[in-house]
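Asker: predicted model and sequence below, questions to follow.
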Amino acid sequence: IAPRGNGGTAGHQNPKIQNIGTDAKNQTVLRLVQEHGVHMVVVGPEAPLVDGLINHLKQQFPNVRAFGPTKEAAILEASKAFSKDFLQEHGIPTAKYRNFTDVNEALKYVHTLDENDRQVVK
């Protein structure tokens, strides 16, 4: 089964795929797991992972196999700035980068770059 709103399964006419429920929100998925006796959940979209769906599944349904990172680990995918900082802090090789929250500061920085010096600006 797949929650309604799953773009990857919505248009398929496959008898093995059922789109059910009202949406793909965490509470809907948890309700579907309970109502349908689901044994395994594979979480694809980033938002439910960041919102802790895997954590909730493990807490509420410890016997259900849940595939995906915990809320704490999902931040590595959800936030590129966090990921780059994490990589640098732990000595993991990564491209040069800078994080900005002010667009003008980012633009000033970009104008100082050598055109042959590849960097990531977030």
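Answerer: Perfect, thanks for sending it.
Asker: mind listing what residue 1 touches?
Answerer: Neighbouring residues of residue 1 by C-beta atoms under 8 Å, 6 or more residues apart in numbering: 17-20, 32, 36, 38. Just so you know, the C-beta spots here come from the backbone N, C-alpha and C atoms, and that holds for glycine as well.
Asker: hmm, try it at 7 Å
Answerer: Under the criterion of C-beta atoms under 7 Å, 6 or more residues apart in numbering, the contact list for residue 1 reads 18, 20, 32, 36.
Asker: ok, for the last one, nearest residue in space, not its chain neighbours?
Answerer: So the one you mean is residue 36. Using C-beta to C-beta, 6 or more residues apart in numbering and skipping residues adjacent in sequence, the residue nearest residue 36 is residue 1, 6.0 Å away.
Asker: repeat for the second one
Answerer: When the adjacent residues along the chain are set aside, residue 20 lies closest to residue 1, with 5.5 Å between them (C-beta to C-beta, 6+ apart).
Asker: hmm, back to that, let me know the pLDDT of the residue nearest to residue 36.
Answerer: Per-residue pLDDT puts residue 1 at 78.
Asker: likewise residue 68?
Answerer: According to the model's per-residue confidence, residue 68 sits at a pLDDT of 94.
Asker: hmm, residue 49 and it touching each other?
Answerer: Yes: shown here, residue 68 and residue 49 form a contact pair, counting by C-beta atoms under 7 Å, at 5.3 Å.
Asker: counting neighbours, go ahead and name the busier of those two.
Answerer: For the pair residue 68 and residue 49, the greater number of neighbours falls to residue 49 (22 against 17), based on other C-beta atoms under 10 Å.
Asker: from the contact counts, what lies against the helix or strand harbouring the more buried one?
Answerer: Per DSSP states H and E: residue 49 is located in helix 46-50. Contact here means 3 or more C-beta pairs under 7 Å, 6 or more residues apart in numbering; DSSP states H and E; on that basis helix 46-50 packs against helix 71-78.
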